[in-house]
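A.B. asks: sequence and predicted structure, then a few things I'm wondering about:
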Amino acid sequence: MSEPFVSVVIPVWRDVAGVADAAASASGEEVEIIAAAAWEDAEAVGAARRAGERLRWVFARRGRGNQMNAGAAAAAGEWLLFLHADSVLPDGWLHDIRSAADTGCAAGCFRFGLAAAGWRPRMWERLVALRVRLFDLPYGDQGLFVRRDLFEAVGGYPDMPLMEDVELVRRIHGRTRLYKATSAVVTSARRWERDGWFRRSATNLTILLRYRLGADVRRLARHYMGTSEAVVGVMARAPSRPGKTRLGQSTEALRRALLLDTWDVVAGEAWDAALVFMPSETAEECAALVRPAEGNPLLLPQSGGDLGERMSAAFRQLFAAGYARVILIGSDLPSLPSSRIADADRALRTGADLVLGPAEDGGYYLIGLSRPTDAFLSGISWGGPDVLRQTVARARAVGWRVETIEPWYDVDSPADLARIATEPDARGSRTRQLLGEQPPERPPS
């Protein structure tokens, strides 16, 4: 089979069923369609596949730019067309891309349209057309298309939590003339109808102006998307997959109880929650585990070799998602008071570069950073008695401010399980029940 002329990449988040119309509008000869889903949609994608959905799916960390890059990396087309999941392409759209190629343009966009009647959507369409004409600045909801070699030459979409389309167009300027199709990509008006036409439009314009004036894009993204400044990630292995343990006989039920009790500690609090899972092929299982949680928890797979590499990758990914403070804990802390996490976040918020929660075995049950870093955790003797000391020494060697919070213990041995069963604490209810104790109600944090 010959390679497609165009690869259509559709980023999807929390709208797996809704992507069907966008995909249908893009179908045609010499076209491949790739839906790039966030990991937290793995359960819904699995259900769609079992129902006969024939779309090609890839997964990436939540964020349009990151998801579209993942889709582009899997694509084979000479041209890449990026289409939002709530948009549909016009009839004859493929002809527009061929016309761009024939006129020597290596990138282009469609006209913007809204699927709503009345004077407000028509006014907004005209204002967008004016912006594109005056500033040569289309947005992603106009169906940006770019020749693959140019997309790769400019480094693709930047890994930014917002304004990734503006930055891609900026990178393209000076390398090619932007082709402007006369036909329109029509986008759902649900966001304008939900937020109010004037408010939505004013918000979009304000964010663009602030970004152009140099505002921190991560802060803009948090304000726009309503996310917290801090995120707590739980480093976990899927319960169905046994790993190394000193617990003796570790059953899937016990691993699940430990993970879910630990998840209860972080979910629904003042910070956002993330499940950093392994292995990646258990995404559907892990998405189902945290599905009921409040606040749209983030999912991402662990990557790297030893624990230091995997934590470094998690820090990097979560900072790239827009967070100002990132805290990681293990999945074997079923009775951890959430106040410990609040203490760690407070330390980071008030100037600490690194915060650690000492564990009783010489390591730590919690680590938090207020800045992204690479290779900080490489070369540490994981599992040894000097993990905490080595980490502190490395941080202080580069001038970081280090703070520690109150110690706690992780469940590493049968003695730790016995401790969970006998402590006068209502946390860890699933684990307690599995150990034969009927737990009291969990108190508020």
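C.D. replies: Alright, I've got the coordinates. Numbering: from 1, shown residues only.
A.B. asks: from here on, contacts and neighbour counts on C-alpha atoms
C.D. replies: Noted.
A.B. asks: show me the shaky parts of the stretch 1-150 of the chain.
C.D. replies: Scanning the stretch 1-150 of the chain for pLDDT under 70 picks out the ranges 1.
A.B. asks: so which residues of it form strands?
C.D. replies: According to DSSP state E, counting those that start in this stretch, the stretch 1-150 of the chain carries its strands in the segments 6-12, 31-38, 56-60, 79-82, 87-88, 107-115, 144-147.
A.B. asks: what sits against the nearest residue to A23 once chain neighbours are set aside?
C.D. replies: Nearest residue to A23 in three dimensions, chain neighbours excluded: I33, at 6.8 Å (C-alpha to C-alpha, 6 or more residues apart in numbering). I33 makes contact with 7-10, 23, 26-27, 55-56 under the criterion C-alpha atoms under 8 Å, 6 or more residues apart in numbering.
A.B. asks: of those residues, keep whichever come out buried.
C.D. replies: In terms of neighbour count (16 or more other C-alpha atoms under 10 Å), the buried residues within those are 7-10, 23, 26, 55.
A.B. asks: closest to P337 out of those residues?
C.D. replies: Nearest to P337 among those is I10, at 41.0 Å by C-alpha to C-alpha.
A.B. asks: pretty sure the closest one contacts E32?
C.D. replies: No - using C-alpha atoms under 8 Å, I10 is not in contact with E32, being 11.0 Å away.
A.B. asks: what's next to stretch 147-166, contact-wise?
C.D. replies: By C-alpha under 8 Å, 6+ apart, stretch 147-166 touches 63-66, 68-69, 77-80, 106-107, 137-140, 167-168, 171-172, 208, 217-218, 220-221, 320-322.
A.B. asks: put the buried members of those residues into a ChimeraX selection.
C.D. replies: Listed next is the ChimeraX selection for buried residues among the contacts of stretch 147-166, using 16+ other C-alpha under 10 Å:
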select :63,64,65,66,68,69,77,79,80,106,107,137,138,139,140,167,168,171,172,208,217,218,220,221,320,321,322
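A.B. asks: which of the contacts of stretch 147-166 fall within helices?
C.D. replies: Of these, the ones assigned to helices by DSSP state H are 64-66, 68-69, 167-168, 171-172, 208, 217-218, 220-221, 320.
A.B. asks: what's the closest of these to G305?
C.D. replies: After measuring these against G305 - C-alpha to C-alpha - the closest member comes out as A320, at 20.6 Å.
A.B. asks: show me what the helix or strand where A342 lies is packed up against.
C.D. replies: For A342, the element it lies in under DSSP states H and E is helix 338-349. Applying 3 or more C-alpha pairs under 8 Å, 6 or more residues apart in numbering; DSSP states H and E, we find helix 338-349 packed against strand 325-330, strand 354-358, strand 364-369.
A.B. asks: wait, what's in contact with the residue positioned nearest the centre of the chain?
C.D. replies: Of all residues in the chain, the one closest to the mean position by C-alpha atoms, centre = their mean is R62, 2.7 Å from it. Counting by C-alpha under 8 Å, 6+ apart, R62 touches 13, 37-39, 298-299, 321.
A.B. asks: roughly how far apart are A23 and S7?
C.D. replies: Distance of A23 to S7, computed by C-alpha to C-alpha, to the nearest Å: 11 Å.
A.B. asks: surely A60 touches W39?
C.D. replies: Yes - applying C-alpha under 8 Å as the test, A60 and W39 come out as touching, 6.0 Å apart.
A.B. asks: what's the overlap in contacts for the two?
C.D. replies: Both A60 and W39 are contacted by L300, under the criterion C-alpha under 8 Å, 6+ apart.
A.B. asks: any idea how this structure splits into domains?
C.D. replies: Under the assignment automatic domain parsing, the domains of the chain span 6-223, 230-434.
A.B. asks: hang on, the earlier thing: mind giving me CSV with the strands of the stretch 1-150 of the chain and columns for distance to M123?
C.D. replies: Output for the strands of the stretch 1-150 of the chain, formatted as CSV (distance: least, C-alpha to C-alpha, whole Å):
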stretch, distance to M123
strand 6-12, 27
strand 31-38, 31
strand 56-60, 36
strand 79-82, 25
strand 87-88, 19
strand 107-115, 10
strand 144-147, 22
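A.B. asks: returning to that earlier point: next, the angle from the helix holding A342 to strand 354-358.
C.D. replies: Per axes from the mean of the first three to the mean of the last three C-alpha atoms, to 10 degrees, the angle that helix 338-349 makes with strand 354-358 is 150 degrees.
A.B. asks: list the buried ones in helix 338-349?
C.D. replies: Under 16+ other C-alpha under 10 Å, the buried positions of helix 338-349 are 338, 340-341, 343-345, 347-349.
A.B. asks: also stretch 375-394?
C.D. replies: Neighbour-count burial for stretch 375-394 flags 376-378, 380-382, 387-388, 390-392 (criterion: 16+ other C-alpha under 10 Å).
A.B. asks: mean confidence score for it?
C.D. replies: The pLDDT scores in stretch 375-394 average 86.
A.B. asks: ok, and what's touching it?
C.D. replies: 307-309, 311-312, 358, 361-364, 395, 402.
A.B. asks: and stretch 250-269, by the same measure?
C.D. replies: Contacts to stretch 250-269, defined as C-alpha under 8 Å, 6+ apart, come from residues 232, 234, 236, 238-242, 272-273, 289-290, 293-295, 297, 331-338, 427-431, 434.
A.B. asks: in the stretch 301-445 of the chain, where is pLDDT below threshold?
C.D. replies: Looking along the stretch 301-445 of the chain with the criterion set at pLDDT under 70, you get 424-426, 437-445.
A.B. asks: rerun that using 90 as the cut-off
C.D. replies: For the stretch 301-445 of the chain, residues meeting the criterion pLDDT under 90 lie at 304-305, 360-363, 372-386, 394, 396-398, 409-445.
A.B. asks: now for the closest residue to L336 other than its chain neighbours, how many residues are close by?
C.D. replies: Excluding the flanking residues, the one nearest L336 by C-alpha to C-alpha, 6+ apart is V265, at 6.8 Å. Around V265 there are 22 other residues, counting by other C-alpha atoms under 10 Å.
A.B. asks: ok, now how distant is V265 from S188?
C.D. replies: Taken as C-alpha to C-alpha, the span from V265 to S188 is 38 Å.
A.B. asks: same thing with F110?
C.D. replies: Relative to S188, F110 is positioned 15 Å away (C-alpha to C-alpha).
A.B. asks: neighbour count for these two, which is higher?
C.D. replies: F110 (26 against 17).
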